[in-house]
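Undergrad: output the structure for:
(2 chains)
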2 protein chains.
Amino acid sequence: MWTFDNPPAKQLLEKYHFTLSQQWLDRVRLASVRLNDGGSGSFVSPHGLLLTNHHVALGQLQKNSTAEHNYVATGFYARTPEEEMKSPDLEINVLESMENVTARVQAATRSAKTADQEFAARKDIIAAIERESLQKTGLRSDVVTLYQGGEYWLYRYKKYTDVRLVFAPEQQTAFFGGDPDNFTYPRYDLDMALFRVYENGRPLETPNYLKWNAKGAADGDLVFVSGNPGSTQRSDTMAQLEQERDLVEPNYLKILHARLDTLRKYSAGSPEHAREAAARIFGFENSLKAYEGRYKGLLDPRVMEKKRKDEAQFRAMVMAKPEWKAAYGNAWDAIAGAEKKFRSRYKEQFYHGLDSTLAGLAMNIVQYVAEIKKPDGQRLDGYHEAQLDSLKQQMFSPAPIYPDMEIARITGALELDVQGAGEDDPWVKLVLGGKTPAETAAELVQGSKLADPAVRKQLVDGGEAAVAASTDPMIVQARKLDPMRRELIKWTEDNVDSVEQRAGEQLGKARFAAYGKSTYPDATFTLRLSYGQVKGYPMNGTKAPSKTTMFGLYDRSASFDNEGPFALPSRWAEGRDKLNLATPMNFVTTNDIIGGNSGSPVIDREGRIVGLIFDGNIESLVGDFVYEGETNRAVAVHTAAMTEALRKLYGAGQLVDELEEGAR
Amino acid sequence: MWTFDNPPAKQLLEKYHFTLSQQWLDRVRLASVRLNDGGSGSFVSPHGLLLTNHHVALGQLQKNSTAEHNYVATGFYARTPEEEMKSPDLEINVLESMENVTARVQAATRSAKTADQEFAARKDIIAAIERESLQKTGLRSDVVTLYQGGEYWLYRYKKYTDVRLVFAPEQQTAFFGGDPDNFTYPRYDLDMALFRVYENGRPLETPNYLKWNAKGAADGDLVFVSGNPGSTQRSDTMAQLEQERDLVEPNYLKILHARLDTLRKYSAGSPEHAREAAARIFGFENSLKAYEGRYKGLLDPRVMEKKRKDEAQFRAMVMAKPEWKAAYGNAWDAIAGAEKKFRSRYKEQFYHGLDSTLAGLAMNIVQYVAEIKKPDGQRLDGYHEAQLDSLKQQMFSPAPIYPDMEIARITGALELDVQGAGEDDPWVKLVLGGKTPAETAAELVQGSKLADPAVRKQLVDGGEAAVAASTDPMIVQARKLDPMRRELIKWTEDNVDSVEQRAGEQLGKARFAAYGKSTYPDATFTLRLSYGQVKGYPMNGTKAPSKTTMFGLYDRSASFDNEGPFALPSRWAEGRDKLNLATPMNFVTTNDIIGGNSGSPVIDREGRIVGLIFDGNIESLVGDFVYEGETNRAVAVHTAAMTEALRKLYGAGQLVDELEEGAR
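TA: Presented below is the predicted three-dimensional model:
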């Protein structure tokens, strides 16, 4: 997960005799995109065709679907430009430039006496840098904290919001094997979707795209992944890891189970309910399996022992040099203290949730009208000047909101809050006001008009006065809860965040001092380049091959009598003889990836696309904390499978022509 | 692994509403066979057709092969009775009757004062019972020790030695996936072979066969396995298990690695060497993987903890009753003492090996002429009256012996002996006499005429005088080593075997007293009936299906680019379109099986054959010590795959007709 400013050129030359050129790097960077739905993608034609995963596109598919047209289930293909379907609230970002602003950020915090002061100063300077950059360039501008504050970088993004869906297969094809096969391998998924990016109402014409290598990757090939890994915690101290293991994960898993339970019950109510809840259930199941894997990793004594040894060695190096000891030596204890503080109010952190789209929007509106009046640097995170455009796209999104599902979700969340935070918790009392969770949920949702984006816009345009005067129950409730929420945020900043940011920066500097910049920083949902090899691995007593074929799709389906998550869509069952079943379907590589990398291109030496990352194997889930190359694998869709299926099963030869035209 | 005298009728009625009839049991028993090559099988037609695994038939295939006709590689099919190929030294046994002789055996040992005396008395009475039975019935008669001596049974077998090969596929088809896939699942192996049993020169006509159910088993079905599980150690005490873990397995694994290394080097010398060594390499690889799995099980703290708890509970029950305490209470300490004694001479036990077929035959001849002069009860094990027929079949087998491979094997074994027992070990000194292992091996093999069965017969017929006069270097050496070998056997009997047999019998009785006969005894390579269900299991983060299909064979082959153990024989590559690829290939069941069950039929409620056991999954390898139903699975070939391949790929429709004729 190397940053593009510090690519692993030396390692590639030594290990693979590959010379990384600036031209190669620039083209890959500009062909790579980040999606605000939480994934990655790449341009794959000169006409703005954007390839990502079906599961990254799923939110937009769901939002474009109706009771009559369930594109999640049936798939979608626009045969003409007119049929291309606009995404309600998708934003994509292309990393235009990177600027090291470490000196400026660190200078601004130097005179701070306390962690609080330092926190405020840092927030202020970061907001200022972002605002200035936005004003100067018009580009989305984010200051990114790398190496826990060892470095700060200003990333400028070109932003596109007119992104139209061109092709998506049936979810059953994209997610064949369902929850059981999720995060496992061998796999047989066509987890792909194609969007087209528009600019000024016309398809984006760009030279910065990845040429299509239809032959795809072969066993042993050197391959690259360019994408936006979400987050890793490999630099966490033992105190943080133990808190994660003993407090955060168990509570988070409890919440995930409860949310999923609520949605499954809702889903069972009717086919329409099932349709509405599908994408959310998918998301929660995915999170649950990922978090269970992470949790298992944390519970593995070998993992913890390795982390403990690493920390002991690092700490001993720091303590051995008086100068380092003075500058960084107290960071571990400071973090341990902050974690202990966090623990004292953990119930409020975890069990003040409403799990509601409407309630979330209401809180955004209430806070927005207040925050924009403040100096930029003093605003709540998410309301800084440079963040407003993206925030508004979300606030005014025309995506449908399902009232019945809102009621079910709020009811479920409140029941869990009562259980988790207790009946006497002030927040719980304030929300329920003596009523049951179900009554409260029904009143809030049935009385609210916020499902209509125009209503939300009116309130925002009306400013504080309009919001104060609103009798919409969702707004009324958000107004009541806002002070309590602000207090908790402030308390957490003062007691946890500020302490950990300061100590984290110390550790980041200490790590540079001790080890140099020989490794990459923890993932931060920003663009990274990883290199690796197409390679099988030892699995359950035998070998997992480096690739699977379409034969395997039919085997696994027939093995389970074509039932449940292993049922084939009729298109695949009936179209079998059209396909060359020896076509490679999925493959695995040793690239170090993590959630957020979904949809990333797999790239060959020549900079051509050979595959599409969509998952990690079960052995990769511990990767949040430690990378282990023996069995940790990234799982990708093979380019050959995409073109074979597009052309022979989906009648989308035209799309393949466009991909291959780009390849010429 | 229930004995046929104590079938799980109650459990079957309760769990599966299945009524086990005596008629059902008798037919299954008489249709089941044991093969002296170390496996099981069953009659599947009224004309003596016997189904077993390819890997059980492998030894005979190898022995019938020549440099010109390598049936191991090419497979074999006899289109006419004349082409059916006689097995050089295969003996099969059908269990005709079972008689409880516990009272007689235990009465004979009652007056013994010491463990030694008891041991001798037991040996004597067992030989007498076997001899009497043989004389009376003409049937092969074995006294079997069950429940560690809690029971003794006289098993009488009908024996057949004219067993002709009818069909075997290419080893590559039978053992697709090779060593990597061995003991794993999902699998895609056609691990089958068909013999025909002859009696008086004509095919055996028998009503006792299993009807062919070509539809095979389906997910969730109740199924039975009738076969001869080799051995388990589930009743071992902790002292025995710890010895196994700390001494036996590490040394045995060392020997397996060395033997395999020797054979692989030999095999690399020429294609003919490779052919000669193939079956032995297969056998050692198989053992190595199995023993590594067992060893891993023993190293698993959870397994040992469970065994420790079980023992503590059992021991506490025994100690709580003064009567039981007096009768059985010292058994654990006695066994621990014997294990300690064993340890004092373990180097001689493990590192006095020659790994030579010729040396083994020479030792048989030297001992045979001496033993048969003694009273039956005092002979070395293997030379009792009732055992002589089978012994002679082995001694005079016309199976080829490869001199170059003999030299390589002896050289490798002696090098290991020097390393393991030490240069100064008397046995090592005696064998080498100052020469190198390679020189010794060459002299022994090149000077010996024992490869010719007629020479062996002459020596045996000539008796002690002929053997004493022989100058054949193999015989000379066997004469020299015989006293040393006898001393070690005697020492082991006096210090280990006699003590452990006595203590084992005490524990067997104690177990009956404490728990009743509610479970089955450890496996003893005698006929057992197991029940279970066709059922997938959780595997590596997902589900293993209850069956695989032929699609999967082609997937796995293509996934590995049709290379190495994943290469398809040309018949399968070229014949793909003839097959219905959705045909079930292999399947898994919860039946409790172990090595020796290979070739056992999988039987449905109606007593029809639905599959052919050929393996256990990797999770089953710990089954030597403990059965764990969550993931332990038996792996079988589906009947549908056998008939599909026989008819459509092998042109053996006639055989399918015979199987199906029986089914009508």
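
Undergrad: surely A:Ala573 meets A:Asn562?
TA: Yes - here A:Ala573 reaches A:Asn562: they are 7.5 Å apart, a contact under Cβ atoms under 8 Å. All C-beta atoms are positioned from the backbone trio N, CA, C, and that covers glycine.

Undergrad: is stretch A:579-594 up against chain B anywhere?
TA: Yes - residues of stretch A:579-594 contacting chain B under Cβ under 8 Å from any Cβ of the partner chain: A:Leu581, A:Ala582.

Undergrad: show me what counts as buried in that stretch.
TA: A:579, A:581-594 (16 or more other Cβ atoms under 10 Å in any protein chain shown).

Undergrad: and those, which is closest to B:Tyr291?
TA: A:Val588 (30.0 Å; Cβ to Cβ).

Undergrad: secondary structure element holding that closest one?
TA: According to DSSP states H and E, A:Val588 maps onto strand A:584-589.

Undergrad: from the contact counts, what lies against the helix or strand that comes right after that strand?
TA: The helix or strand immediately downstream of strand A:584-589 is strand A:601-603, counting by DSSP H and E. Secondary-structure packing of strand A:601-603 (3 or more Cβ pairs under 8 Å, 6 or more residues apart in numbering or on different chains; DSSP states H and E): strand A:222-227, strand A:609-616.

Undergrad: tell me the strands beside the shortest one, with direction?
TA: Pointing back at strand A:222-227 there. Partners of strand A:222-227 in the sheet, by DSSP bridges, are strand A:528-533 (antiparallel), strand A:601-603 (antiparallel).

Undergrad: could you pull up the mean pLDDT of it?
TA: Average pLDDT, strand A:222-227: 98.

Undergrad: contacts for it next, please.
TA: A:12, A:16, A:18, A:28-29, A:31-32, A:34, A:40, A:42, A:217, A:527-534, A:589, A:591, A:593, A:596-605, A:610-611, A:613, A:634 (Cβ atoms under 8 Å, 6 or more residues apart in numbering or on different chains).

Undergrad: alpha carbons only: can I get it in PDB?
TA: Output in PDB follows, covering the C-alpha atoms of strand A:222-227 (Å, rounded to 0.1, in the frame of the first residue of the first chain):
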ATOM      1  CA  LEU A 222       4.000  -9.500 -11.300                       C
ATOM      2  CA  VAL A 223       0.900  -7.400 -10.900                       C
ATOM      3  CA  PHE A 224       0.000  -4.100  -9.300                       C
ATOM      4  CA  VAL A 225      -3.200  -2.900  -7.600                       C
ATOM      5  CA  SER A 226      -4.000   0.800  -7.600                       C
ATOM      6  CA  GLY A 227      -6.800   1.800  -5.300                       C
END
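
Undergrad: okay, the angle between that strand and strand A:609-616?
TA: 60 degrees (axes from the mean of the first three to the mean of the last three Cα atoms, to 10 degrees).

Undergrad: between strand A:584-589 and strand A:222-227, find me the angle.
TA: Using the same axes, to 10 degrees: strand A:222-227 against strand A:584-589 is 90 degrees.

Undergrad: swap in the longest one?
TA: Between the axis of strand A:609-616 and that of strand A:584-589 there is an angle of 70 degrees, by the same axes, to 10 degrees.

Undergrad: look up phi and psi at A:Lys215.
TA: Backbone torsions for A:Lys215, taken as degrees, to the nearest 10, come to phi -70, psi -30.

Undergrad: okay, now the nearest residue to it once chain neighbours are set aside: neighbour count?
TA: In space, not counting the residues next to it along the chain, A:Lys215 is nearest to A:Ala640; the distance is 6.7 Å by Cβ to Cβ, 6 or more residues apart in numbering or on different chains. Neighbourhood size, A:Ala640 [other Cβ atoms under 10 Å in any protein chain shown]: 24.

Undergrad: give me the angle between the helix or strand hosting A:Ala640 and strand A:609-616.
TA: Assigned by DSSP H and E, A:Ala640 belongs to helix A:639-648. Between the axes of helix A:639-648 and strand A:609-616, defined by the same axes, to 10 degrees, the angle is 100 degrees.

Undergrad: can you give me the buried ones in the helix or strand just after helix A:639-648?
TA: As assigned by DSSP H and E, the chain's next helix or strand after helix A:639-648 is helix A:653-663. Burial within helix A:653-663, assessed by neighbour count using 16+ other Cβ under 10 Å, is assigned to A:Leu655, A:Val656, A:Glu658, A:Leu659, A:Glu660, A:Gly662, A:Ala663.

Undergrad: ok, residues contacting stretch A:646-664?
TA: By Cβ under 8 Å, 6+ apart, stretch A:646-664 touches A:44-47, A:49, A:75, A:77, A:79, A:166-167, A:169, A:194, A:209, A:211-214, A:571-572, A:575, A:578-579, A:608, A:643.

Undergrad: return a PyMOL selection command for the buried portion of the residues you listed.
TA: The following PyMOL line selects those of these that are buried, judged by 16+ other Cβ under 10 Å:
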select buried, chain A and resi 44+45+46+47+49+75+77+166+167+169+194+209+211+212+213+214+571+572+579+608+643
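
Undergrad: mind listing what's buried in the lengthiest helix in chain A?
TA: Counting by DSSP state H, the longest helix found in chain A is helix A:271-299. For helix A:271-299, burial by neighbour count (16+ other Cβ under 10 Å) applies to A:273-295, A:297-298.

Undergrad: on contacts alone, who are the packing partners of it?
TA: helix A:54-64, helix A:71-74, helix A:249-267, helix A:403-421.

Undergrad: now the third one: how far from the chain's centre is it?
TA: By that I understand helix A:249-267. 19 Å (Cα atoms, centre = their mean, to the nearest Å).

Undergrad: for the residue in the stretch 1-150 of chain A that chain B sits nearest to, grab the count of nearby residues.
TA: The stretch 1-150 of chain A approaches chain B most closely through A:His55 (17.0 Å), counting by Cβ to the nearest Cβ. Residues lying near A:His55 (other Cβ under 10 Å) number 27.

Undergrad: sec struct for the closest residue to it other than its chain neighbours, please.
TA: Computed as Cβ to Cβ, 6+ apart, the closest residue to A:His55 that is not its neighbour in sequence is A:Asp191, at 6.0 Å. Using DSSP: H, G, I helix; E, B strand; the rest coil, the structure places A:Asp191 in coil.

Undergrad: for A:Gln313, what is the enclosing helix or strand?
TA: Assigned by DSSP H and E, A:Gln313 falls in helix A:301-320.

Undergrad: should've said A:Val166
TA: strand A:162-168.

Undergrad: given that strand, what are its sheet partners and their directions?
TA: For strand A:162-168, pairing defined by DSSP bridges yields strand A:76-77 (antiparallel), strand A:85-86 (antiparallel), strand A:193-199 (antiparallel).

Undergrad: where's A:Ala636 relative to chain B, distance?
TA: 14 Å (Cβ to the nearest Cβ, to the nearest Å).

Undergrad: what sits against that residue?
TA: Here A:Ala636 is in contact with A:Ala217, A:Asn586, A:Phe587, A:Val588, A:Thr589, A:Val602, A:Gly611, A:Leu612, A:Ile613, A:Phe614 (Cβ under 8 Å, 6+ apart).

Undergrad: repeat the analysis, applying 6 Å as the threshold.
TA: A:Phe587, A:Val602, A:Gly611, A:Leu612, A:Ile613 (Cβ atoms under 6 Å, 6 or more residues apart in numbering or on different chains).

Undergrad: ok, the fourth one to chain B distance?
TA: Look at A:Leu612 and chain B: by Cβ to the nearest Cβ, they are 18 Å apart.

Undergrad: what does A:Lys547 give?
TA: 6 Å.

Undergrad: which residues touch the nearest residue to that residue once chain neighbours are set aside?
TA: Closest residue in space to A:Lys547, ignoring its immediate chain neighbours: A:Phe587 at 4.0 Å, by Cβ to Cβ, 6+ apart. With contacts taken as Cβ under 6 Å, 6+ apart, A:Phe587 has the following neighbours: A:Val534, A:Ser546, A:Lys547, A:Ala636, A:His638.
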